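>>> my questions concern the predicted model and sequence given below.
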Amino acid sequence: MDVEEILKFADNLVFTKTRKHLDNVQEAILLGAWSGQKYPKIAEEAYCSEGHARDVASDLWKILSDILGEAVNKSNFRSTFKRLQISNVSSPIGKAFVGIYNINVCTDNFHSPEVSKDRSPFTPTPENTQPQIRQDLRDAPDISSFYGRTSELATLQQWIVQEGCRLVAILGISGIGKTAIALHLLPQIQHQFDYIIWRSLGTSPTLETTLKSLIKFLSNRHETEVPASTDELLSLLMEKLRSHRCLIILDDVQTILSHRQIAGNYRPEYENYSTLFKLIGSTCHNSCLILNSWEPPKDIVALTRESARVRNLKLDGLGAAAGEILREKGLLDESKWESLINIYRCNPLWLKIIAAMIQELLSGRVAEFLKYDTLFFPEELKARLQQQCDRLSELEKQLMCCIGNEIEPVSISQLLEKVQLSPSELFNALQSLGGRALVEKQEQDNQTLFTLSPVIRQYVKTEYFSDEK
Ligand SMILES: Nc1ncnc2c1ncn2[C@@H]1O[C@H](COP(=O)(O)OP(=O)(O)O)[C@@H](O)[C@H]1O
Ligand SMILES: [Mg+2]
């Protein structure tokens, strides 16, 4: 750690607390303290009186002591800062943490969470430590228990680390675990990157807002230093993605996609995200964008066809590991879990919701729950499904009703006899429903058959298309 780095780091710390960078006198104090100078000499270097230098120093030591949670003064400044191994981590809950050795000092007293976003890339790399990564995970949820997904994690790691994929879409129905898997992938791949930033599109930010937020973090710029035009923002971002290895995770991308149309179209005011995805997917750089969505944006489908470095991972249910969720929730009658897991299609969120209900009403007795031979829809599950089904186009709704009314899986030719759709409309609607993971597909006797999972079928029949009952 040389003195330049020390100054940068100290500047960074002071800025996060005071929103002001080090001035000349403060810099002279730190340089002087680092090289063991006395205050008269420091004052001389700073062109100020000794009294002024001492006053400024006293404030500065207080600021640094507050942030670091230990007394810092002129005599211990050098040893304290040499001892520090700094990792910059913005926690999911938006507080800024400075990791010192193994202790996380929560610098909760930062004036504003905005400020902590803009910390400069201070990356001391003592010989025996990992290179430092700048991370901004403030938008990411808290880590919670996580089971299975070994092969999916291995696939993602292979694509991103070994094969250098530039754009990876993690797709799947709400609650299947897209956010969770992306979060658990980070420790496996983070050392490949200089910067990691997680942003949620949950509030439907415009492209400009998203780009500004990415650039502010990746380029360590302040609001006023970020260009205003979308083109400039895009070119600045791409420049950064070329010059550094950046990992960007955009969660909840479905919010920028339109309702009541075939899956994957952008909402009118969000069309320009298409340019971002295309630039990241098809130009040369060593960075990666992971995006999580209920359905693939249309460009991703096209880019996947054209470039080996753009991939889609469709997340299915959790498989056998889903039992661990029931165990965690303290459910009983383990021999019956398989039926329950199958009904709720190994969807971790659905299982969590239903497990909570079984625990609350039946003290965890799964066998008793299954005896009712009906499918329960706690309000939370209903609301989740509603959000997804509300996005369907008229053709898709028609098709869902038709497939939902059939007990057995149906073929395309059977569907054509039942619905008032041309073959091409039927193909488009089926493909779109497949992209949304709302219909299940199976191969039987050389035919492709379509059906709905029990939960979706019940939902379609009783909640959404009640006129079809
Ligand atoms: N592999 C897993 N093991 C345990 N819980 C999981 C797993 N994947 C997801 N979950 C839990 O299921 C819920 C939904 O997961 P989430 O990642 O938010 O789904 P999505 O982003 O696809 O909507 C969360 O409570 C999450 O913690
Ligand atoms: Mg999610």
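Nice, I can see it. Ligands and ions are numbered 1, 2, ... in the order given.

>>> give the other helices and strands that the longest helix along the chain contacts.
Determined from DSSP state H, the single longest helix within the chain is helix 50-68. In this structure, helix 50-68 packs against helix 3-18, helix 24-34, helix 39-46, helix 77-83, strand 96-100, with contacts taken as 3 or more CB pairs under 8 Å, 6 or more residues apart in numbering; DSSP states H and E. No exception for glycine: its C-beta is placed from N, CA and C like everyone else's.

>>> helix, strand or coil for the residue in the chain positioned nearest to ligand 2?
Evaluated by CB to the ion, the chain has Thr179 as its residue closest to ligand 2, separated by 3.2 Å. Assigned by DSSP: H, G, I helix; E, B strand; the rest coil, the conformation of Thr179 is helix.

>>> hang on, isn't it packed against Asp251?
Yes - under the criterion of CB atoms under 8 Å, Thr179 makes contact with Asp251 at 5.6 Å.

>>> who has more neighbours out of these two?
Asp251 (23 against 18; other CB atoms under 10 Å).

>>> can I assume that one is in contact with Thr210?
No - counting by CB under 8 Å, Thr210 is not a contact partner of Asp251; they are 11.6 Å apart.

>>> ok, back up a step: what would the helices and strands packed on helix 50-68 look like in TSV with mean pLDDT?
Below are the helices and strands packed on helix 50-68 laid out as TSV (pLDDT from 0 to 100):
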stretch	mean pLDDT
helix 3-18	78
helix 24-34	90
helix 39-46	89
helix 77-83	82
strand 96-100	34
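
>>> and those: which comes nearest ligand 1?
strand 96-100 (21.9 Å; CB to the nearest ligand atom).

>>> give the helix, strand or coil label for Glu269.
What three-state DSSP gives for Glu269 is helix.

>>> that one: neighbour count?
Residues within reach of Glu269, counting by other CB under 10 Å, total 11.

>>> I'd say it and Thr206 touch.
Yes - using CB under 8 Å, Glu269 makes contact with Thr206 at a distance of 6.9 Å.

>>> which residues in the stretch 201-350 of the chain form helices?
Secondary structure of the stretch 201-350 of the chain (DSSP state H, counting those that start in this stretch): helices at 207-218, 230-243, 273-282, 298-306, 322-328, 337-343, 348-362.

>>> any chance of those helices in TSV, plus distance to ligand 1 and mean neighbour count?
Formatted as TSV, those follow (distance: least, CB to the nearest ligand atom, whole Å; neighbours: other CB atoms under 10 Å):
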stretch	distance to ligand 1	mean neighbour count
helix 207-218	18	20
helix 230-243	25	17
helix 273-282	19	19
helix 298-306	16	17
helix 322-328	6	19
helix 337-343	13	17
helix 348-362	3	20
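
>>> could you export those as TSV, including mean pLDDT and distance to Ala429?
Listed next are those as TSV, based on pLDDT from 0 to 100; distance: least, CB to CB, whole Å:
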stretch	mean pLDDT	distance to Ala429
helix 207-218	95	29
helix 230-243	95	34
helix 273-282	97	23
helix 298-306	92	15
helix 322-328	97	30
helix 337-343	95	26
helix 348-362	96	24
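
>>> kindly reformat the ones you listed as CSV containing distance to ligand 2.
Below are the helices of the stretch 201-350 of the chain laid out as CSV (distance: least, CB to the ion, whole Å):
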stretch, distance to ligand 2
helix 207-218, 17
helix 230-243, 23
helix 273-282, 18
helix 298-306, 17
helix 322-328, 16
helix 337-343, 21
helix 348-362, 9
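
>>> mind checking which of these is nearest Leu385?
Closest approach to Leu385 among the helices of the stretch 201-350 of the chain (CB to CB): helix 348-362, 9.2 Å.

>>> could you dump the helices and strands packed on helix 50-68 into JSON lines with distance to Asp66 added?
Output for those, formatted as JSON lines (distance: least, CB to CB, whole Å):
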{"stretch": "helix 3-18", "distance to Asp66": "7"}
{"stretch": "helix 24-34", "distance to Asp66": "15"}
{"stretch": "helix 39-46", "distance to Asp66": "22"}
{"stretch": "helix 77-83", "distance to Asp66": "14"}
{"stretch": "strand 96-100", "distance to Asp66": "12"}
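
>>> this completes my enquiry, with thanks.
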